[in-house]
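*Asks:* Next comes the sequence, and after it the predicted model I'd like to discuss.
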Amino acid sequence: MSHPESQGGKFLTFFLDEEEYGLEILRVREIIGLLPITAVPRTPGFVRGIVNLRGKVIPVMSLRRKFEMPDVDDTDHTCIIVVQSGESSLGMIVDRVSEVLDIAPTDIVDAPTLGAGLRTEYLLGIGRAQGKIRLLLDIDRVLSEGEQVELQALQSSSAA
């Protein structure tokens, strides 16, 4: 199955553990160091809480938790990538940011089907550049529609 959005282009790459991922650079609003995160009760387990970014409340999620990876202690390299998902801004905590890469459309292949129980619908595809592969995320599919609505509600109620 081919993804029409897999046109190639510039991707911000980052690491979770030793795996390198990429996000379309046009979806990235900014990269910030860790800020104090306020935990919010009764939110999904992958949500670390909210931050106040220049007067705007932004929900922050742990991509490690979302992808069911073990938690690790934050380091000097741990940062928040603020992305635009739908109408909302969302912070994603990653282990470390790598670089901005230009990946040609011919260097992006569809994500493989890995069998029952293994989810790959959140991938735009697999990008090949500089002799390595990167998992290219579709930020709009990382969260289900229900999770997006929940985070928008969290952002709205916290701003009130």
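*Replies:* Thanks, I have it. Numbering: from 1, shown residues only.
*Asks:* ok, how many other residues are close to Asp107?
*Replies:* Asp107 has 16 neighbours, counted by other C-beta atoms under 10 Å. To be clear about C-beta, it is placed using only N, CA and C from the backbone, and glycine gets the same treatment.
*Asks:* What's the local residue count around Thr13?
*Replies:* 23.
*Asks:* what about the longest helix anywhere in the chain, distance to the chain center?
*Replies:* Criterion DSSP state H: the longest helix present in the chain is helix 145-159. On the basis of C-alpha atoms, centre = their mean, to the nearest Å, helix 145-159 is displaced by 16 Å from the centre of the chain it belongs to.
*Asks:* buried stuff in that helix?
*Replies:* Glu147, Gln148, Glu150, Leu151, Gln152, Leu154, Gln155 (16 or more other C-beta atoms under 10 Å).
*Asks:* Dump those residues into a markdown table; add distance to Gly22 and pLDDT as well.
*Replies:* Output for the buried residues of helix 145-159, formatted as a markdown table (distance: C-beta to C-beta, whole Å; pLDDT from 0 to 100):
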| residue | distance to Gly22 | pLDDT |
| --- | --- | --- |
| Glu147 | 21 | 80 |
| Gln148 | 21 | 77 |
| Glu150 | 26 | 79 |
| Leu151 | 22 | 77 |
| Gln152 | 25 | 76 |
| Leu154 | 27 | 74 |
| Gln155 | 25 | 70 |
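*Asks:* Dump those residues to JSON lines, plus distance to Ile93.
*Replies:* Compiled in JSON lines, the buried residues of helix 145-159 are given as follows (distance: C-beta to C-beta, whole Å):
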{"residue": "Glu147", "distance to Ile93": "16"}
{"residue": "Gln148", "distance to Ile93": "18"}
{"residue": "Glu150", "distance to Ile93": "18"}
{"residue": "Leu151", "distance to Ile93": "14"}
{"residue": "Gln152", "distance to Ile93": "19"}
{"residue": "Leu154", "distance to Ile93": "16"}
{"residue": "Gln155", "distance to Ile93": "16"}
